[in-house]
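Q: Here's my sequence, what's the structure:
(one chain, ligands or ions: 1)
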Amino acid sequence: MNQMFCPNCGHCRKSEFVFCGVIAQAAAGSDTALWESRPVTPPRAMKVRDERWIHQYGCAQWIRVTRDLRNKEVLKVYRIERSEMRGEGDL
Ligand SMILES: [Zn+2]
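A: Numbers count the residues shown, from 1 in each chain. Here you go, the predicted model:
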């Protein structure tokens with residue numbers, strides 16, 4: 001997977017994005033996931049998870065990516081609003 005989707009910019013090179021940690025485990029088939037205030041290390045059993053990425057070399061927006069770890073397929077991409085970044089200090 002050499003490309004990633006940004007809600008602002010469309011499909012861009014994956015090298016423009018920086019992985020910033022795991023948000024929470026997402027239930028398979030669910031649109032919702034628990035938000036945790038800090039990135040956590042995923043347990044080995046986790047199959048689908050929400051991750052926080054930033055389009056560092058593009059629009060500099062935070063995005064949430066729901067990804068299936070078994071095949072690394074990106075299932076959904078969401079824009080992260082600043083108000084969602086509670087507990088993150090000045091991020
Ligand atoms: Zn972007």
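Q: State the distance from Asp68 to the ion.
A: Remark: distance between Asp68 and the ion (Cβ to the ion, to the nearest Å) = 22 Å. For the C-beta atoms, the positions are set from N, CA and C on the backbone; glycine is no exception.
Q: which non-adjacent residue is nearest Cys6?
A: Once flanking residues are discounted, Cys6 sits nearest to His55: 4.9 Å by Cβ to Cβ, 6 or more residues apart in numbering.
Q: and the one you found, how many residues sit next to it?
A: Residues lying near His55 (other Cβ atoms under 10 Å) number 19.
Q: same thing with Cys6?
A: For Cys6, using other Cβ under 10 Å, the count is 20.
Q: List the beta-bridge partners for it.
A: Here Cys6 sits in beta bridges with Gly10, going by DSSP bridges.
Q: residues in contact with the residue nearest to Cys6?
A: By Cβ atoms under 8 Å, 6 or more residues apart in numbering, the contact set of His55 is Cys6, Asn8, Cys9, Cys12, Glu16, Phe17, Gln61, Ile63.
Q: do the helix or strand bottoming out on mean pLDDT in the chain and the ion meet?
A: Every helix and strand in the chain was compared by mean pLDDT, DSSP states H and E; the lowest is strand 18-25, with a mean of 84. No. Strand 18-25 lies out of reach of the ion by Cβ under 5 Å from the ion, never closer than 11.8 Å.
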